[in-house]
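>>> Sequence plus the predicted model coming up.
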Amino acid sequence: MSYSSGSQAQFRGIHVVVGDRLRLLREQKDMSQGDIEKGTGLSRCYVSRIENGHTVPSLETLEKFARTLEVPLYQILYDGDKPPRVPSVLKVNGAGESHWGSFGKDARFLSKLRHFLGRADEKDRAILMSVAHRMSRRKRR
């Protein structure tokens, strides 16, 4: 995947923000990069590269930092005292009712279905879609 130079600059900006945030949290805890190295198992050189925005840390690496710094993961990505408000992505229809699968038993069923479908291969998903389509057509009659 290639990015335009503008996109690359934007991604570099994100690296720097995460790196700066990690450095700030480390310094607030009065910890050295060596302390982070001991706590995370990451090399001091790698910690430095992350803090200076030269490397993009994975989510797993950020979790290691969070555990070592004894902060919730969101604090690495968000500058604030409280967790950010999670936007509601559920759409409500015109009558004020939420869509099927948004809450309760239906949501749990949908979650399990998504999990299993994610593990199925493309051919099996196509078969299931065909069966579901036929079942929905039969029900309408």
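Ah, there it is. Residues are numbered from 1 along each chain as shown.

>>> Please identify which helix or strand holds residue 85.
Using DSSP states H and E, no element contains residue 85; it sits outside every helix and strand.

>>> which helices and strands sit right next to the host helix or strand of residue 124?
According to DSSP H and E, residue 124 maps onto helix 122-140. Judged by 3 or more Cβ pairs under 8 Å, 6 or more residues apart in numbering; DSSP states H and E, helix 122-140 has no packing partners among the helices and strands. Bear in mind the C-beta positions are built from the backbone N, C-alpha and C, glycine included.

>>> Now do it: everything it contacts.
117, 120 (Cβ atoms under 8 Å, 6 or more residues apart in numbering).

>>> From residue 135, how far out is the closest residue in space to residue 43 that isn't next to it in sequence?
Spatial nearest neighbour of residue 43, excluding adjacent residues (Cβ to Cβ, 6 or more residues apart in numbering): residue 37 at 6.3 Å. Distance of residue 37 to residue 135, computed by Cβ to Cβ, to the nearest Å: 57 Å.

>>> same deal with residue 18?
Residue 18 is 47 Å from residue 135, by Cβ to Cβ.
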